[in-house]
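Engineer: A predicted structure for the sequence below; I have some questions about it.
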Amino acid sequence: MSKVFGLTERYKPLVTTQTQTIVSYDRQTVDDKNSTWQEIVFYHKREGKPDLARIKSAIFADINRQTDERILSGFVWEGKPVWLSQENEFNFKAAYDIAVQTDGANLPLKFKLGEDADGVPIYHTFRSLNVLQDFYTQAIAYIQQCLTDGWNKKDGFDWTPYVIPE
């Protein structure tokens, strides 16, 4: 899987040669003449010629990867990038649940949210239940939006151009 930057007129969803099948999808317009898209190459000698089921599987796997990547590193709260690994999600939820159950008795809590562009850690100390609730609610809404976007992308995919002629 690779991201390609190229002339819009050169974009073709499916190109099959004697030795390979190139599947392109998710074209995004950059300007009047240029686009980007994702590209998967199936090498016939190594993998055999792909059928529609293998193409679907590869594209869905990539959409899932993109969704996971977006969840992991795309959330920003109060201008701070937040790393939403599964471990961090669990820790945030546990801290939030305890804060709600104890009416904030476990506060203040300090979390490393992520890192800036230079790799410097970014911390935040939650001192009130309201601020922690705002953070947690926004994080969960962000995750849900990423998942919904991924599902919509898969559900709305037009497979017509990807049928390989016999």
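Structural biologist: Perfect, I can see it now. Quantities reported herein were computed from a predicted structural model and do not represent experimental measurements.

Engineer: Please enumerate the helices of this protein.
Structural biologist: Per DSSP state H, the chain carries helices over the ranges 44-47, 52-73, 86-101, 129-155.

Engineer: For the third one, list every residue counted as buried.
Structural biologist: Across helix 86-101, burial judged by 16 or more other CB atoms under 10 Å covers 88-89, 92, 95-96, 99. (C-beta placed from N, C-alpha, C; glycine too.)

Engineer: if we look at it, which residues are touching it?
Structural biologist: 82, 105-107, 109, 111, 126, 129, 132-133, 135-136, 139, 143 (CB atoms under 8 Å, 6 or more residues apart in numbering).

Engineer: Mind doing that once more with 7 Å?
Structural biologist: For helix 86-101, the external contacting residues (CB atoms under 7 Å, 6 or more residues apart in numbering) are 106-107, 109, 129, 132, 136, 139.

Engineer: could you measure the residue nearest the centre of the chain against Glu115, distance?
Structural biologist: Closest to where the C-alpha atoms of the chain average out (CA atoms, centre = their mean) is Thr67, at 2.3 Å. The spacing between Thr67 and Glu115, counted by CB to CB, to the nearest Å, is 22 Å.

Engineer: Show me the beta-bridge partners of the closest residue to Val15 other than its chain neighbours.
Structural biologist: Leaving aside its sequence neighbours, Val15 sits nearest to Ile22 (CB to CB, 6 or more residues apart in numbering; 4.5 Å). Bridge pairing for Ile22 (DSSP bridges) gives the partners Val15, Val41.

Engineer: all numbers from here: first residue = 3
Structural biologist: Okay, residue one is now 3; in that scheme the one you just asked about reads as Ile24.

Engineer: tell me the contacts of Ile24?
Structural biologist: Ile24 makes contact with 17, 41, 43, according to CB under 7 Å, 6+ apart.

Engineer: Which pLDDT value belongs to the second one?
Structural biologist: The score at Glu41 is 93. That number is its pLDDT.

Engineer: quick one on the thing from earlier: could you dump the helices of the chain to a markdown table with distance to Pro123 and mean pLDDT?
Structural biologist: Formatted as a markdown table, these follow (distance: least, CB to CB, whole Å; pLDDT from 0 to 100):
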| stretch | distance to Pro123 | mean pLDDT |
| --- | --- | --- |
| helix 46-49 | 42 | 90 |
| helix 54-75 | 15 | 96 |
| helix 88-103 | 13 | 96 |
| helix 131-157 | 17 | 97 |
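
Engineer: Fine, thanks again, bye for now.
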